[in-house]
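Q: Any chance you can model this:
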Amino acid sequence: MNDKTANEKTISEYFAWDPQNDPDFSSLIVGEGSIGGKGRSLLFGFRKIRDNVDPDLQEHVTIPVSLFIAVSSFRDVIRQIPNLEELQNGDPAQLEEAFLRTTLPEEVRGHLAAFLSKMTDPIIVRSSSILEDSLKYSFAGKYLSLFEINGDAPLEERLARVEEDIKKIYARTFFPIATAYRNKHKLGNDEMGIIIMRVAGKWRGNYYYPTMAGVGFSRYYRRWTTRIKSEDGIIRLVFGMGTTSTKRGYARTFSLTMPCLRPEGQNPFNVMRHSQEHFQVVDKEKGELVTVDIKQIWKDIAPYHECFPDYAQIYRSDDEGGYFSPMASRIGSIVEKGDKICFTFEEFACRSKHFFERMKKILQLLDHAMGVPADVEFAYHPREDIVEIVQARPLWLSDTFEKRIPDLSDKKVILQADRMVTNGARENIPHIVLIDHHLYSRERRFSDIARGIGEVNQSMGDKNFILVAPGRVGSSNPLLGVPVQYDEITKCCCIVEVGIPKEGYMPELSFGTHFFTDLEIDGILYMPVYKGDRNNIYDEEFFETAPYALGPHPAIRIYTGSFSVYTDGDHNRGIVIVNSVTKPV
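A: Numbering: from 1, shown residues only. Here you go, the predicted structure:
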């Protein structure tokens, strides 16, 4: 058996495994049929970790207490909605209302009541459709997950909220964002399983959260330096709830073989600009997931973290770019006006070799067991030294292009990157859509620009475009970049993020976020260009002098002609060239 055949056999066995047939897991499942891709992948990953002979993995890796609801419940619910097809073409709110009027099977209600009677910690109700976490389509961010604080409310009240959450998730199967995604990829209909999962973490005063959480990948194809190999693996780590790590916010990126390296380098100012200052928690008083500012609450939470200085530092500015001071182990740290408390994880990187080695073992084990690169979401509890795996799935990556960057000595290069690119090429693209960073920085109705990009996207017909924008495209925080949504860039074939430090716009290696998962699946190329950096080109003169048409918003410019993109991940170089420019009609 050759390597290719053996790998195909491994992949086939991975997808054929059914947790319903495993006596260790069948008791966690309610109903008949599949529990969906997300649930099956999680249990498969834990099975491989459980069966591994390495005592470190057996003793220090687990999954949260969970209940899995099979798709038979979903089928029972949709049978109660005779006009479902008509509702799909109407108002999503009316569609959701129809689902909320249905009743879950008694078997499901009974198991939910038994689960909640023993569980008072916060829980998350997660989608797990049959099509989710397939070899190519993750559906990241297309369906719905809902938090419940749970707590000490009466059981019937908590049960009613969870039932409502489940029916809302069922309804999302037919919402426009999901149906558009399935239609685009010709995937047909889907069926929904559900995971009820204890949220990883613990109460610290008024707040519930894990110390750290993140996402990890067994292969790494967007290297910021050639010192790192793709098979080394990486993680994106945040303080608090892991929801932050799957969005385009701030997170610390670690190479698992060289955890002290930073993509942004060692300059204190740049480190500060890339460091997390806000994190997410479950707030007991508000009864919901909230984002908190570490500078405002650090005195409240520091007593609960004996190693708090391992994660956080104080940034102080000066005439030479600033510097970091350590947080004191006691609450006596002095934080003066103008100081920033940042989660740099500097000491953690130096003192936690065992954690990075363990994450590498987990990812390599799943990579080998699945036959494809692996992607996990996890929480880490340093005091107990426990890793909780909350999601494990195959990491799909688009096919690489064999074509190398051609001789461009007679071509005009208007954009050039020197990091975080993969191998790819797109030639003779008819449009560049540029977001004017000067106007964007003065705008406060950020959604107007994002929706304007959507209008341009819709008008393209069968033509493609390159999107050039400041900061992080698709960020949930519009101050970091344009908050454009997936369905607003379906005609985009390359995204160029422009870093402009003076205006606060910095691209970020967000590989593994829901946004980047969509880029990979759709084969959209990506380049980060840092204005003013050596080996980077942002030809502002071209963009100011070349003819363009204004889009639906004054900050949107549309350049027409012929443009080509070439990226070389082996040598970390990406370029955009001008073949020709024409005046807009």
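
Q: Against Gln485, how distant is Ser447?
A: 10 Å (CB to CB, to the nearest Å). Using the backbone N, CA and C atoms, a C-beta is placed for each residue, glycine as well.

Q: What distance do you get for Lys186 to Asn7?
A: For Lys186, the distance to Asn7 equals 26 Å [CB to CB].

Q: Comparing those two, which residue is more hemmed in?
A: Taking other CB atoms under 10 Å, Lys186 and Asn7 do not tie; Asn7 has more neighbours (15 against 6).

Q: Wait, that one touches Gly371, no?
A: Yes: the criterion here is CB atoms under 8 Å, and Asn7 meets it with Gly371 at 4.9 Å.

Q: which residues does the closest residue to Ala312 other than its chain neighbours contact?
A: The shortest distance from Ala312 to any non-neighbouring residue, by CB to CB, 6 or more residues apart in numbering, is to Met327 (5.0 Å). By CB atoms under 8 Å, 6 or more residues apart in numbering, the contact list for Met327 reads Ala302, Phe308, Pro309, Ala312, Gln313, Ile314, Ser333, Ile341.

Q: most neighbours, which of those?
A: Busiest of those [other CB under 10 Å] is Ala312, holding 26 neighbours.

Q: got a pLDDT number for Val413?
A: In this model, Val413 is scored at 95, pLDDT.

Q: Secondary structure element holding it?
A: Taking DSSP states H and E as the definition, Val413 sits inside strand 412-417.

Q: Contacts for that strand, please.
A: Strand 412-417 is contacted from outside by 468, 496, 527-529, 535-539, 542-543, 567, 573-578, using CB under 8 Å, 6+ apart.

Q: what element comes up after the lowest-mean-pLDDT helix or strand in the chain heading to the C-terminus?
A: Every helix and strand of the chain was ranked by mean pLDDT, DSSP states H and E. The lowest is helix 514-522, at a mean of 67. Counting by DSSP H and E, the next helix or strand C-terminal to helix 514-522 is strand 525-530.

Q: picking up where we left off before, tabulate the contacts of Met327 in TSV, adding columns for distance to Arg172.
A: Output for the contacts of Met327, formatted as TSV (distance: CB to CB, whole Å):
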residue	distance to Arg172
Ala302	39
Phe308	38
Pro309	42
Ala312	37
Gln313	40
Ile314	42
Ser333	44
Ile341	37
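
Q: so can I have a markdown table of those residues showing secondary structure, distance to Pro554 and pLDDT?
A: Formatted as a markdown table, those follow (DSSP: H, G, I helix; E, B strand; the rest coil; distance: CB to CB, whole Å; pLDDT from 0 to 100):
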| residue | secondary structure | distance to Pro554 | pLDDT |
| --- | --- | --- | --- |
| Ala302 | helix | 46 | 89 |
| Phe308 | helix | 46 | 90 |
| Pro309 | helix | 47 | 88 |
| Ala312 | strand | 41 | 91 |
| Gln313 | strand | 41 | 91 |
| Ile314 | strand | 40 | 91 |
| Ser333 | coil | 46 | 61 |
| Ile341 | strand | 38 | 90 |
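
Q: Poorly predicted segments of this protein, please.
A: Along the chain, the model assigns pLDDT under 70 to residues 1-4, 6, 135, 138, 140-141, 221-222, 245-249, 329-335, 396-404, 501-521.

Q: can you list the domain ranges for it.
A: With domains defined by automatic domain parsing, the chain comprises 3-199, 207-351, 412-582.

Q: got CSV for these, with distance to Asp385 too?
A: Output for the domains of the chain, formatted as CSV (distance: least, CB to CB, whole Å):
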stretch, distance to Asp385
domain 3-199, 6
domain 207-351, 11
domain 412-582, 24
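
Q: how about the ones you listed, which one is nearest Phe378?
A: Counting by CB to CB, Phe378 lies closest to domain 207-351 out of these; the figure is 6.3 Å.

Q: So what's the gap between the closest one and the chain middle?
A: On the basis of CA atoms, centre = their mean, to the nearest Å, domain 207-351 sits 17 Å off its chain's mean C-alpha point.

Q: Straight-line length of that domain, end to end?
A: 27 Å (CA to CA, to the nearest Å).

Q: now do stretch 307-318
A: End-to-end distance of stretch 307-318 (CA to CA): 28 Å.

Q: Which residues does that stretch contact?
A: Defining contact as CB under 8 Å, 6+ apart, one finds that stretch 307-318 is touched by 211-212, 239, 268-269, 271-272, 275, 294, 298, 301-302, 305, 322-329, 333, 335-336, 338-348, 351-352, 382-383.

Q: Among the residues you listed, which ones are in strands?
A: Among the contacts of stretch 307-318, the members falling in strands are Met212, Phe239, Tyr323, Phe324, Ser325, Pro326, Lys340, Ile341, Cys342, Phe343 (criterion: DSSP state E).

Q: what's the distance between the second one and Glu277?
A: Just to be clear, that refers to Phe239. Phe239 sits at a distance of 10 Å from Glu277 (criterion: CB to CB).

Q: List the buried residues of whatever helix or strand Glu13 lives in.
A: Assessed by DSSP H and E, Glu13 sits inside helix 3-16. For helix 3-16, the neighbour count (16 or more other CB atoms under 10 Å) marks Tyr14, Phe15 as buried.

Q: Kindly report the same for stretch 527-542.
A: Met527, Pro528, Val529, Tyr530, Lys531, Asp533, Asn536, Ile537, Tyr538, Asp539, Phe542.

Q: With distance to Met119 as added columns, please give those residues in JSON lines.
A: Below are these laid out as JSON lines (distance: CB to CB, whole Å):
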{"residue": "Met527", "distance to Met119": "46"}
{"residue": "Pro528", "distance to Met119": "43"}
{"residue": "Val529", "distance to Met119": "48"}
{"residue": "Tyr530", "distance to Met119": "47"}
{"residue": "Lys531", "distance to Met119": "51"}
{"residue": "Asp533", "distance to Met119": "50"}
{"residue": "Asn536", "distance to Met119": "51"}
{"residue": "Ile537", "distance to Met119": "55"}
{"residue": "Tyr538", "distance to Met119": "52"}
{"residue": "Asp539", "distance to Met119": "57"}
{"residue": "Phe542", "distance to Met119": "59"}
